[in-house]
Every structure is written in C-alpha cells, then in structure tokens.
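Novice: A predicted structure for the sequence below; I have some questions about it.
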Amino acid sequence: MINAEGENLGVLSSAEALRLAQEADLDLVEVAPNAKPPVARIMDFGKFLYEQSKKEREARRAQKQVEIKEIQLRPKTNEHHLQFKVRNARSWLQAGNKVKVRVRFRGREISYPEVAMQHLKKIAEQLQDVAVVEFAPKLDGRTMLMILAPKKKA
C-alpha cells in the first residue's frame, strides 16, 4: 500500500486501504496487480488517466511513420525507364521510405515470369548499397512483388 505522498504503508487489508482512501478523499488504484502481494496506491484516478493518455500521445508523436512508395513495371519495360525508376527508388530509400516494386503482366506475358524475376533481381542488385530486400520477389496473381527497405545506418 502506497499513500498519496508516495510513502510505503506496508501490507494492509483492502477494507483498511479503502478507509484510508476515503479519508484522503482520493481513489484506491491497483498499480501492480500481478505482484505478490498486489500493490495499490491512493491517488486521484482522473489525474492518473490524464497523465497516462498524455504519455501515450507523446510516444505516438515520437514514432516515425514509414511510407511505402511503389514502382510499377512491365516485363517489356526497357533499360532507360528501368534506370530512372531505380533512381527514384534510391532517393525514396535514402529518405527512409520503403519501396514496393511491382511487375504487372498483361495477356500472355504471364507465361514468362522469369523475365520479371530478372528485372526485380537487377533492381535489388543496383540498390543493394542503400536497401535490403524485405520481401523476396513472389508471383501474386498477375503481378510479381518485391519490397525493399532502407538499410540501417551503422
């Protein structure tokens, strides 16, 4: 049992703890229910909830939102287009975003998934200095996907 000033009062019965809380005109809050014996504290519960929500908001604000940018290709995409798509991906990865590379198949192109696999491996190879393959190339319906994540800075 801990009182409102933060002093340890020792082990008390729940009735005694409730009486002390009512005398102080505060709430009895169970702080650590899994401890042996459970720890309770006399405090203003509304203020406790407010402080807790404030801490959660601060934690959310400190988080960095990772955006996923996407590059779409076709098996027939020529070398020049591939290079400027790789250049865009490099800038996004350096900015800390993930990049999803998608190769879409149309018509009979689906018969040659190895062409798309070569494109994706080539892109991963060219970006290996700034990216790591998070999700390996995989055929998903009429598309082949690969996800690249920025490398951790040492």
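Specialist: Perfect, I can see it now.
Novice: out of everything not next to it in sequence, what's closest to A136?
Specialist: Leaving out its chain neighbours, the residue that sits closest to A136 by C-beta to C-beta, 6 or more residues apart in numbering is M146, at 6.7 Å. Backbone N, C-alpha and C define where each C-beta goes, glycine included.
Novice: quick one: the helices in the protein, in order.
Specialist: Assigned by DSSP state H, the helices in the chain fall at 14-23, 45-62, 79-94, 113-126.
Novice: from the chain's centre, how far out does the third one sit?
Specialist: By that I understand helix 79-94. Offset of helix 79-94 from its chain centre (C-alpha atoms, centre = their mean, to the nearest Å): 25 Å.
Novice: ok, the first one next?
Specialist: Between the centre of helix 14-23 and the centre of its chain there are 43 Å (C-alpha atoms, centre = their mean).
Novice: buried residues in it, which are they?
Specialist: Neighbour counts over helix 14-23 (16 or more other C-beta atoms under 10 Å) mark A17, L20, A21 as buried.
Novice: now swap in stretch 138-154 and tell me
Specialist: In stretch 138-154, counting by 16+ other C-beta under 10 Å, buried: M144, L145, M146, I147, L148, A149, P150.
Novice: next one: stretch 121-132
Specialist: For stretch 121-132, by 16+ other C-beta under 10 Å, it's I123, A124, Q126, L127, V130, A131.
Novice: which elements pack onto the lowest-mean-pLDDT helix or strand in the chain?
Specialist: Least confident helix or strand, the chain: strand 27-32 with a mean of 85, by mean pLDDT, DSSP states H and E. Where contact means 3 or more C-beta pairs under 8 Å, 6 or more residues apart in numbering; DSSP states H and E, strand 27-32 is packed against helix 14-23, strand 39-43, helix 45-62.
Novice: how about the CA coordinates for that strand, as PDB?
Specialist: Output in PDB follows, covering the C-alpha atoms of strand 27-32 (Å, rounded to 0.1, in the frame of the first residue of the first chain):
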ATOM      1  CA  ASP A  27      -9.300   6.800  -5.100                       C
ATOM      2  CA  LEU A  28      -7.700   3.500  -4.300                       C
ATOM      3  CA  VAL A  29      -5.900   2.300  -7.500                       C
ATOM      4  CA  GLU A  30      -4.400  -1.100  -8.000                       C
ATOM      5  CA  VAL A  31      -1.000  -0.200  -9.600                       C
ATOM      6  CA  ALA A  32       0.700  -3.700  -9.900                       C
END
